[in-house]
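Asker: The sequence and its predicted three-dimensional model are supplied below.
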There are 2 protein chains.
Amino acid sequence: MNIDMIRAAAKRLNGHARRTPLLTSPFLDDIAGRRVLVKPECLQHTGSFKFRGGWSAVSALDPETRKRGVIAYSSGNHAQGVALAAARHGIPSVIVMPTDAPRLKIENTRALGAEVVLYDRAGGESREDVGNAIAAGRDLTLIRPYDEPQVIAGQGTTGLEIAAQAHAEGVEAGDVLVCCGGGGLTSGIALALEAEAPGLRARPCEPEGFDDTARSLISGRIQTNSRQSGSLCDAIITPAPGEITFPIMARLCGPGLVVTEEQALRAMALAFKRLKIVVEPGGAVALAAALFHGQDIQGEAVVAVCTGGNVDADVFAAAVTRYD
Amino acid sequence: MNIDMIRAAAKRLNGHARRTPLLTSPFLDDIAGRRVLVKPECLQHTGSFKFRGGWSAVSALDPETRKRGVIAYSSGNHAQGVALAAARHGIPSVIVMPTDAPRLKIENTRALGAEVVLYDRAGGESREDVGNAIAAGRDLTLIRPYDEPQVIAGQGTTGLEIAAQAHAEGVEAGDVLVCCGGGGLTSGIALALEAEAPGLRARPCEPEGFDDTARSLISGRIQTNSRQSGSLCDAIITPAPGEITFPIMARLCGPGLVVTEEQALRAMALAFKRLKIVVEPGGAVALAAALFHGQDIQGEAVVAVCTGGNVDADVFAAAVTRYD
């Protein structure tokens, strides 16, 4: 896993993934006490950065392998990213999703052309068993959500864009806050920044109670979460950082930041009000850290990646009216 | 008023206004029956395209005139655009706003550094009387919201971007739908398209009951609205197309499109769900026309400008939950 793979992924994504802008608001700067530059990956195709990794992985397959199709396990955003990438390559995709994933994510994945197979997470069904039963005999290629080099390479293209866009804004040093599940995006961005913007440092951001990566970075060894569901921040809840992603984060990232669910909802409301973007709870964790944990952040400017916007209307409506 | 003024404004705006992307979703294409390319000016500074015109007008003033300050009459988006443009030029601004303007717009205008003066629209106060009383002796320059060449030039930079971005998407012909109040944006875009993308045609979009421009284009003479308030689409409610903007629209624009308030709210909900952007009712009128008036539109692709996103949380929440 290295920067050359990210640069190669950027070439494959060119013209297919969206180059999202950097957004700013003087109101957010006031709250944070420094300049806040927001990378709105909610505006990416399928509403999250996951399309980058999905496209990267599918486009990297050799054509014979690719045409048999791909399979993915995902609570939502990775599912949509892989589904659209597969559909645009004209190949089949099977997505195994938990029954309690947000309704919007299940519907979208199906509408994007994937064969969606649901499993009962709470009832103890194993997604691997369900997936294996479906995939048997079809020789589908598994696209892992984060612990997969070509996926990390795709997510890392976000970091190449941040490096160039921060430079254009005159920002050469500071923290780049990233909502972190398994660490695919965080490690990819960290590698991109190491090569292209060494004054910028990636830092994983997580919700309280699901701070496996922050604890892993402190201990130097992979730590797990005791719970694996029950957070509004469903998009970034994973059991632990990955075997590939963790060593990269341990080498390159600053300390993790942990925010409350309420802070994430407040950040969603502020992104609505000040940036006019729709961010899901898990996608607002980094912005929440930028706005409400300023004492733990370095530099005169901070970059926050809003990683996704696939939130059900009732959750979003409750957040923006409650914290208006 | 000509294309050279728009090109000159683009140079003055470079590095100050945001170049908004073009957004797409296969789900919107399905609804519309053709490709839908959305220009999200809600992501512009201050949450609407009006910053372009504000910056253009303020930056075009000679320095001696400019430093005395500017004054504007506006129900909201023009107010914020002028206020921020003035603040960034380091000059004072006075904004005269109706008491029934959305709370968020009044608050923002004040927070952006403007001196806000409220007048009672329903009670019969004249904004000109109120404004004149404030401006007396200070020799402030009035920045009109649409019937002002340098404002039209600034708004027209949106059209330069649309021309380039549509070309990059392989779209050379079709309708460009624009939410239309006094016609500053519509006429500016029309002039830009005439010069840079002659296969694209600007068309004004208005809410039912406030279709002064559509009727004016039919009759060939400026028509007025019988009502001047009472629409959720407050951002684009004006008495009539302008003396400068109307002849441009009459020469260059296709027929106007008129949508219901409910269609605008549905378009807001779809922009939330499919594009992850926040659009205000008046800013969603063009997207509503693209999605729900397909039979009146020409071409295999349509461009819709979402002109602003300054909507109160309760209005937005009601729209996205009602039309989920």
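Answerer: Structure received.

Asker: CA only for contacts and neighbour counts going forward, please
Answerer: Fine.

Asker: tell me which residues of the helix or strand harbouring residue A:10 are tucked away?
Answerer: Element membership for residue A:10 (DSSP states H and E) is helix A:3-13. Buried residues in helix A:3-13, counted by 16 or more other C-alpha atoms under 10 Å in any protein chain shown: A:3, A:5-10, A:12-13.

Asker: And stretch A:14-22, by the same measure?
Answerer: Buried residues in stretch A:14-22, counted by 16+ other C-alpha under 10 Å: A:17-22.

Asker: Ok, stretch A:109-118 next?
Answerer: Result for stretch A:109-118 [16+ other C-alpha under 10 Å]: buried residues A:109-118.

Asker: gap between it and the chain center?
Answerer: Distance of stretch A:109-118 from its chain centroid, counting by C-alpha atoms, centre = their mean, to the nearest Å, is 20 Å.

Asker: Can you tell me how far residue A:79 is from chain B?
Answerer: Plainly put, residue A:79 is 16 Å away from chain B if you go by C-alpha to the nearest C-alpha, to the nearest Å.

Asker: try residue A:221
Answerer: 37 Å.

Asker: Around that residue, how many other residues sit close by?
Answerer: Neighbours of residue A:221 under the rule other C-alpha atoms under 10 Å in any protein chain shown: 14.

Asker: helix/strand/coil for it?
Answerer: Recorded secondary structure, residue A:221: coil (DSSP: H, G, I helix; E, B strand; the rest coil).

Asker: ranges for the helices of chain A?
Answerer: A:3-13, A:26-32, A:50-60, A:63-68, A:77-88, A:103-111, A:127-135, A:149-168, A:184-196, A:212-219, A:245-252, A:261-270, A:285-292, A:313-322 (DSSP state H).

Asker: per-residue confidence at residue A:262?
Answerer: Looking at residue A:262, its pLDDT reads 97.

Asker: about what we covered before: ok, so of the buried residues of helix A:3-13, who is nearest chain B?
Answerer: Taking C-alpha to the nearest C-alpha as the measure, chain B lies nearest residue A:13 of these, at 15.3 Å.

Asker: Assess the claim that the closest one and residue A:56 are in contact.
Answerer: Yes - at 6.7 Å, residue A:13 counts as touching residue A:56 under the criterion of C-alpha atoms under 8 Å.

Asker: Give the residues shared as contacts by the two.
Answerer: By C-alpha atoms under 8 Å, 6 or more residues apart in numbering or on different chains, residue A:13 and residue A:56 have these common neighbours: residue A:154.

Asker: Chain B contacts on chain A?
Answerer: Proximity of chain A to chain B, by C-alpha under 8 Å from any C-alpha of the partner chain, involves residues A:20-21, A:23-25, A:42-43, A:45-47, A:272-279, A:309-310, A:313-314, A:316-318, A:320-321, A:324.

Asker: Name the single longest strand found in chain A.
Answerer: Ordering each strand of chain A by length in residues (DSSP state E) puts strand A:200-207 first.

Asker: ok, and what's touching that one?
Answerer: Applying C-alpha under 8 Å, 6+ apart, the external contacts of strand A:200-207 come out as A:163, A:172-181, A:183, A:186, A:189-190, A:193-194, A:213-214, A:233, A:236, A:252-261, A:264, A:282, A:285-286, A:289.

Asker: Mind listing the strands that strand pairs with, and their directions?
Answerer: Note on strand A:200-207: by DSSP bridges, its sheet partners are strand A:174-179 (parallel), strand A:257-259 (parallel).

Asker: The helices of chain A: lowest mean pLDDT?
Answerer: In terms of average pLDDT, helix A:127-135 trails the rest of those, at a mean of 81.
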